[in-house]
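Asker: Below is the structure, and that's it, no one-letter string:
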């Protein structure tokens, strides 16, 4: 009698603690059981197994691992995760078979060549080497993305400069300092007659005289000549009338 009471008490404890290990759909199923519908833990276990027997994972053979291949757009790390999930479903795994299947499923790349030339001695060593290559692959992918972003910004800036003519970089001539015009800030009246006519009138009046651009005894090789301002125009003032002549 005492043994029966202990057994009943143990079943009650197990039934009460059972939902502590459930989550998701299993917990919802347990909470949906009608009150006082379970008389023993054995009955509860039988109902639970019947409800979720279809969710039980079936084991796969090692031959299944040989069918796993790295996809074209699949990164090395993604292939490693998928291969590991599949290998966990294989019962009585053999390390040599797992290593052969993993290497066989790799695409032709540097890691594949290295693993073939220098085969790993264990699954752990193989995964460590694969992790190193996966980290390098992700670093190169990130570097390429950064360089592409920088090149796109440079190209966009160049397009904006071309779209705004006159606002780009100035030439060396445009950057030269400009000297102030003669006469300071005064504004001068523009010519109302052609320059040739003005010079002819000034020469006729004696204000200008022409001389060869070369010294005496030198042959003139071109039609150029220089106009020399006469002393009456105040040559020492750079061609401008002297202060006395202005008045």
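Answerer: Thanks, I have the structure now. The shown structure was predicted, so the numbers you read here are calculated from the model rather than taken from an experiment. Numbers count the residues shown, from 1 in each chain.
Asker: So which elements touch the helix ranked longest in the chain?
Answerer: Assignment by DSSP state H gives helix 123-163 as the longest helix of the chain. Helix 123-163 sits against helix 76-87, helix 95-105, helix 110-117, with contacts defined as 3 or more Cβ pairs under 8 Å, 6 or more residues apart in numbering; DSSP states H and E. Quick note: C-beta positions are derived from backbone N, CA and C, even for glycine.
Asker: For the next helix or strand after that helix, the averaged confidence score.
Answerer: Scanning forward in sequence from helix 123-163 by DSSP states H and E, the next helix or strand is helix 195-204. Average pLDDT, helix 195-204: 76.
Asker: Which one of the helices and strands packed on helix 123-163 lies nearest to residue 146?
Answerer: helix 76-87 (19.4 Å; Cβ to Cβ).
Asker: Next, the angle helix 95-105 makes with that closest one.
Answerer: 140 degrees (axes from the mean of the first three to the mean of the last three Cα atoms, to 10 degrees).
Asker: What is helix 76-87 packed up against?
Answerer: Going by 3+ Cβ pairs under 8 Å, 6+ apart, helix 76-87 lies up against helix 62-65, helix 95-105, helix 123-163.
Asker: of all these, which lies closest to residue 37?
Answerer: Across these, closest to residue 37 is helix 62-65 (Cβ to Cβ), at 40.9 Å.
Asker: Remind me what the closest one packs against, helices and strands.
Answerer: helix 76-87, helix 95-105.
Asker: okay, those in TSV with mean neighbour count and distance to residue 193 next?
Answerer: Formatted as TSV, the helices and strands packed on helix 62-65 follow (neighbours: other Cβ atoms under 10 Å; distance: least, Cβ to Cβ, whole Å):
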stretch	mean neighbour count	distance to residue 193
helix 76-87	16	86
helix 95-105	17	94
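Asker: now these as TSV including mean pLDDT and distance to residue 67?
Answerer: Output for these, formatted as TSV (pLDDT from 0 to 100; distance: least, Cβ to Cβ, whole Å):
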stretch	mean pLDDT	distance to residue 67
helix 76-87	91	9
helix 95-105	94	8
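Asker: want to throw these into JSON lines with distance to residue 113?
Answerer: Below are these laid out as JSON lines (distance: least, Cβ to Cβ, whole Å):
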{"stretch": "helix 76-87", "distance to residue 113": "14"}
{"stretch": "helix 95-105", "distance to residue 113": "10"}
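Asker: how about those helices, which one is nearest residue 66?
Answerer: Short answer: helix 95-105, nearest of these by Cβ to Cβ, at 5.0 Å.
Asker: orientation of the closest one relative to helix 123-163 in degrees?
Answerer: Going by the same axes, to 10 degrees, helix 95-105 makes 20 degrees with helix 123-163.
Asker: Report the angle between helix 95-105 and helix 110-117.
Answerer: Per the same axes, to 10 degrees, the angle that helix 95-105 makes with helix 110-117 is 140 degrees.
Asker: what does helix 95-105 contact?
Answerer: 62, 65-66, 68-70, 79, 83, 87, 112, 115-116, 119-120, 122-123, 126, 130 (Cβ atoms under 8 Å, 6 or more residues apart in numbering).
Asker: change it to 7 Å
Answerer: 62, 65-66, 68-70, 83, 87, 112, 115-116, 120, 122-123, 126 (Cβ atoms under 7 Å, 6 or more residues apart in numbering).
Asker: Which members of these are the farthest-apart pair?
Answerer: It's 69 and 122 that sit farthest apart of the contacts of helix 95-105, by Cβ to Cβ, at 23.0 Å.
Asker: re earlier: output the helices and strands packed on helix 123-163 in CSV, with distance to residue 18 appended to each entry.
Answerer: Converted to CSV, the helices and strands packed on helix 123-163 look like this (distance: least, Cβ to Cβ, whole Å):
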stretch, distance to residue 18
helix 76-87, 28
helix 95-105, 36
helix 110-117, 47
